[in-house]
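Student: Model the following, please.
(2 chains)
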Protein chains: 2
Amino acid sequence: MNATTLSIGDELALGQIDDTNARWITERLAAEGAFRVEHRTVPDDRKRIVQAIRDLAELSELLVITGGLGPTLDDLTRDALNDCCAGGAAMVEDSLARETLDRWFRGRGRAMPPSNLVQAQRPVNARCLDNPHGTAPGLSADLERTKVFCLPGPPREMRPMFEANVVPFLRERCGDVVMPTLSVHSYGMGESVLAERLGERMSRDADPMVGTNASNAIVTARIRTSGPRLEAMARIEAMASEVERLWRPYAFGRDGTTLAMATIADLKARQESVAVAESCTGGLIGALLTDVAGASDVVLGGYIVYSNDMKVRAVGVDRSILAAHGAVSEPVARQLAAGARERTRATWGIGVTGIAGPSGGTPTKPVGTVFIGIAGPMGERVRRFRFPGEREVVRDRTAKAAMQWLRLAMMGEPDTDLIWAHAEAPAAERENRDHA
Amino acid sequence: MNATTLSIGDELALGQIDDTNARWITERLAAEGAFRVEHRTVPDDRKRIVQAIRDLAELSELLVITGGLGPTLDDLTRDALNDCCAGGAAMVEDSLARETLDRWFRGRGRAMPPSNLVQAQRPVNARCLDNPHGTAPGLSADLERTKVFCLPGPPREMRPMFEANVVPFLRERCGDVVMPTLSVHSYGMGESVLAERLGERMSRDADPMVGTNASNAIVTARIRTSGPRLEAMARIEAMASEVERLWRPYAFGRDGTTLAMATIADLKARQESVAVAESCTGGLIGALLTDVAGASDVVLGGYIVYSNDMKVRAVGVDRSILAAHGAVSEPVARQLAAGARERTRATWGIGVTGIAGPSGGTPTKPVGTVFIGIAGPMGERVRRFRFPGEREVVRDRTAKAAMQWLRLAMMGEPDTDLIWAHAEAPAAERENRDHA
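Tutor: Numbers count the residues shown, from 1 in each chain, chains lettered A, B, ... in the order given. Below you'll find the predicted structure:
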């Protein structure tokens, strides 16, 4: 089934608040088998609201509207719906809605401001929807072949009303036909390379349909199909497994799974542990790993070695090596990883040192240069990375590369290509080293 | 000037990712004097994109489109724009865009996948916009009286391109009349208390208009007005200063300023330093502080003391105190703060221990119980907090409370009220202690 959504309000039109409703509704629609073919946001302007309702009703069998049901002069959804479904005829007072309003104010020991009375009004051919969490009842009406629901803007009022009214409508109309989606996430290879691995599976006519997108270097395949529930679920599951196979070893999880969750799960499965020694990331890897519930089983802790003094005193980096190679160097990353592992007796140690920027770059070690070390049962490895982007991006990519590399090392594949890893230092530095 | 926005992508249409671009663009448009009269989101469907471009161009003098400029088969913005502005005629390769693409891949030592070539294509009567941060050039074209800009979806590519291209267009068209907004952020007191302090300044008829909202416990006053640039800026600046005065000492910064930025700035101004010892936050405070450029001047580092063993060996917490009081306790927070300070010789030490959940809570120390210690020139203080919400929320609030409390301590006001701080432990625990 096709659905559309419409958000109403000046505060949205001016970008002053986030439209969290639009995304929430869209996800719920998809889960129940409705594909949202269009969303609009319009300000508190009756003419624009009417136009949007008419256009969207034409595009879809279901239109879900949020906002503009309050008692004030700039709440115009009720009037606009009346224009569309009753040709602007006089509205009627809904006795049940009136009773609910009276009860709401009585229950709070407050007198009802007369302005609230308008909330009990409805178009003659519309229905009021009960709102147990606020004063604004919802509305539903039929526009030709389209069912329209008007829900209040506050999420804690809107969501229960959606579940109580829109979901039953969807289940009745869609029956067993659903439109499930499934995402497969990966890290470590560029989107175009991964898309090429999927080949014709990404054609717009394929079923299931597969699309890719990249967000903060996580490349995701979004798979969707539609059909009878069991059949559709089986088809989408088979395609997800195929994407995971084609994207091996970069795929790390589905849907809500983060790289940190996948890393913690792998450590738990192997009953192994990890500790970190972080310079340029300043605790970010620790923070991401410990954000996962249950991380305490496998994360022992670590060291934020932002100053050189901390590198030496907390983790045991040699002063002579710091002096000879600089803090951002291969041997320092090696000693950080080894030191974190040894001092905590963890199975795995991660050591990170780099130049996040914006300052601190040099011709041989430009901003974005990061050495990541992994120490484990197989010994110690260090890789040099050159991440693009600003400080925040360099730090984010460093944390992701460290976690993904640890996962690859656990799989016994520590030498697998990783995006932004360079086997060799830039020519200028190799030269320097030769002269040293 | 009227403006419209259009977001393109199945992942948006399906509610799989948040549309952060739409809000950011709308705020920037308003600041530059353009009112967004409508926003739409459509899936990767050429016909729907074309229809949306035509409708929105009719409504506005400026249309800003984001997404769908990537190299894959489901990136259809280029084709849809071509349908609208060149009647679907063959596209041409833009030599500058081609050169930029070549340079991008050469600079990263990677071969360009053939699929990326499509990104150098443009409608014959459109212009390519330089993208210094990615492979997707933007596009601009004229549709009758409407200027259309197509920008890439990733925010770090989109935002600089907006500033470099859309803003100059707006300044030329809108002239001197602007609609500036300014935000003042605070942490440590509830929204209703802070709103009361603003009083009549929050009336809907006031100019400048002031509204408040709370997001992740940061309470923000949003101030807006409109008028000739200099006059409007002066009015909004005066109101911001007044809000800051009324919200003292909780206000910490304006617009893009985070609590971490404010903390780093205060440390720098005093030429003081900080170190952390984090248990339940697992590195989050370190990560937030070091995310600020230039943090290395004042952040020495710290310890992620997730395991009890780390608390003892890395920071010197007494085993007997751990045994007597448990890891989540007042004396452990005190020793963590003091240990972090002494071992790093920082001016300030922050120690954090708590129960982030979902498991680990007890009747006397329920989930959300966190002890924060601050050690500094004034000695050591510990406060007990009880944060509401889930694991991620408890960790976030803990980090914010620690940073804001450090700021208050630096101002010489370490005893100022902070939201969710409790002078007393729950009755059950006090009893336990009395019996101990």
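Student: Now for the nearest residue to residue A:177 once chain neighbours are set aside: which residues touch it?
Tutor: Of all residues not flanking residue A:177 in the chain, residue A:33 sits nearest, at 5.7 Å (C-beta to C-beta, 6 or more residues apart in numbering or on different chains). Yep, even glycine has a C-beta here, placed from its N, CA and C like the rest. By C-beta atoms under 8 Å, 6 or more residues apart in numbering or on different chains, the contact list for residue A:33 reads A:1, A:170, A:174, A:177, A:178, A:179, A:226.
Student: after the host helix or strand of residue A:50 comes which helix or strand?
Tutor: Take DSSP states H and E as the rule and residue A:50 turns out to sit in helix A:46-59. Under the assignment DSSP H and E, the closest C-terminal helix or strand after helix A:46-59 is strand A:62-66.
Student: Are there helices or strands packed against that following strand, and which ones?
Tutor: Identification of packing neighbours for strand A:62-66 by 3 or more C-beta pairs under 8 Å, 6 or more residues apart in numbering or on different chains; DSSP states H and E yields strand A:2-8, helix A:20-31, helix A:46-59, strand A:146-151, helix A:167-174.
Student: what's the offset of the helix or strand just after that strand from the middle of its chain?
Tutor: Going down the chain from strand A:62-66, the next helix or strand is helix A:77-86, by DSSP H and E. Remark: helix A:77-86 is offset 36 Å from the chain centroid, using C-alpha atoms, centre = their mean, to the nearest Å.
Student: next one: stretch A:114-133
Tutor: Relative to the mean C-alpha coordinate of its chain, stretch A:114-133 is positioned 36 Å out (C-alpha atoms, centre = their mean).
Student: Residue A:89: neighbour count?
Tutor: Residue A:89 has 12 neighbours, counted by other C-beta atoms under 10 Å in any protein chain shown.
Student: ditto for residue A:175
Tutor: By other C-beta under 10 Å, 11 other residues sit near residue A:175.
Student: cool, and the one 10 residues further on?
Tutor: Neighbouring residues of residue A:185 were enumerated by other C-beta under 10 Å; the total is 21.
Student: Pairing-wise in the sheet, spell out the partners of it.
Tutor: Beta-bridge partners for residue A:185, by DSSP bridges, are residue A:220, residue A:253.
Student: ok, it to residue B:11 distance?
Tutor: Using C-beta to C-beta, to the nearest Å, one obtains 12 Å as the distance from residue A:185 to residue B:11.
Student: Mutual contacts of those two, please.
Tutor: Common neighbours of residue A:185 and residue B:11, counting by C-beta under 8 Å, 6+ apart, are residue A:220.
Student: helices or strands next to the helix or strand hosting residue A:212 in the packing?
Tutor: Element membership of residue A:212 [criterion: DSSP H and E] is strand A:209-215. The helices and strands touching strand A:209-215, judged by 3+ C-beta pairs under 8 Å, 6+ apart, are helix A:191-198, strand A:218-224, helix B:10-13.
Student: what about the first one and chain B, any contact?
Tutor: It refers to helix A:191-198. Yes: applying C-beta under 8 Å from any C-beta of the partner chain, one finds helix A:191-198 in contact with chain B at A:191, A:192, A:193, A:195, A:196.
Student: what pairs with the helix or strand harbouring residue A:128, and is each one parallel or antiparallel?
Tutor: Using DSSP H and E, residue A:128 falls within strand A:127-129. As defined by DSSP bridges, the strand partners of strand A:127-129 come to strand A:138-143 (antiparallel).
Student: What lies in contact with the partner strand?
Tutor: Contact partners of strand A:138-143, identified using C-beta under 8 Å, 6+ apart, comprise A:53-54, A:57, A:63, A:69, A:77-78, A:81, A:84-85, A:122-123, A:125-131, A:147-152, A:161, A:165.
Student: List buried members of those by neighbour count.
Tutor: A:53, A:57, A:63, A:69, A:77-78, A:81, A:84-85, A:122-123, A:126-129, A:131, A:147-152, A:161, A:165 (16 or more other C-beta atoms under 10 Å in any protein chain shown).
Student: In the stretch 51-200 of chain A, which residue sits closest to chain B?
Tutor: Closest to chain B within the stretch 51-200 of chain A is residue A:192: 4.2 Å, counting by C-beta to the nearest C-beta.
Student: Tally up the residues packed near the closest residue to that residue other than its chain neighbours, please.
Tutor: Nearest in space to residue A:192, with sequence neighbours left out and distances taken as C-beta to C-beta, 6+ apart, is residue B:113 at 4.2 Å. A count of nearby residues for residue B:113, using other C-beta under 10 Å, gives 16.
Student: Repeat that for residue A:186.
Tutor: Around residue A:186 there are 26 other residues, counting by other C-beta under 10 Å.
Student: can you tell me which residues contact it?
Tutor: Residues near residue A:186 by C-beta under 8 Å, 6+ apart: A:194, A:218, A:219, A:220, A:221, A:247, A:250, A:251, A:252.
Student: Compare those and tell me which has the most neighbours.
Tutor: Using other C-beta under 10 Å as the neighbour test, those are led by residue A:221, with 29 neighbours.
Student: how much space between residue A:336 and chain B?
Tutor: Applying C-beta to the nearest C-beta, to the nearest Å, the value for residue A:336 to chain B is 12 Å.
Student: Now the helix or strand encompassing residue A:241 - C-alpha only, CSV.
Tutor: Following DSSP H and E, one finds residue A:241 within helix A:229-246. This file holds the C-alpha atoms of helix A:229-246, laid out as CSV (Å, rounded to 0.1, in the frame of the first residue of the first chain):
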residue,chain,number,x,y,z
ARG,A,229,4.5,-12.2,5.0
LEU,A,230,6.3,-15.5,5.1
GLU,A,231,7.3,-15.5,1.5
ALA,A,232,8.6,-11.9,1.7
MET,A,233,10.5,-12.5,4.9
ALA,A,234,12.2,-15.6,3.3
ARG,A,235,13.2,-13.6,0.2
ILE,A,236,14.6,-10.7,2.1
GLU,A,237,16.5,-13.0,4.5
ALA,A,238,18.1,-14.9,1.5
MET,A,239,19.2,-11.6,-0.1
ALA,A,240,20.7,-10.4,3.2
SER,A,241,22.7,-13.6,3.5
GLU,A,242,23.9,-13.1,-0.1
VAL,A,243,24.9,-9.5,0.5
GLU,A,244,26.8,-10.6,3.6
ARG,A,245,28.6,-13.2,1.6
LEU,A,246,29.5,-10.8,-1.2
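Student: which residues are contacting it?
Tutor: A:176-182, A:184, A:197-198, A:201, A:207-208, A:210, A:221, A:223-227, A:251, A:254.
Student: For the residue lying closest to residue A:181 once chain neighbours are set aside, list the residues it contacts.
Tutor: Once flanking residues are discounted, residue A:181 sits nearest to residue A:224: 4.3 Å by C-beta to C-beta, 6+ apart. Neighbouring residues of residue A:224 by C-beta under 8 Å, 6+ apart: A:30, A:179, A:180, A:181, A:182, A:208, A:209, A:236, B:10, B:14.
Student: Tell me if I'm right that the last one and residue A:183 touch.
Tutor: No: counting by C-beta atoms under 8 Å, no contact exists between residue B:14 and residue A:183, whose distance comes to 9.6 Å.
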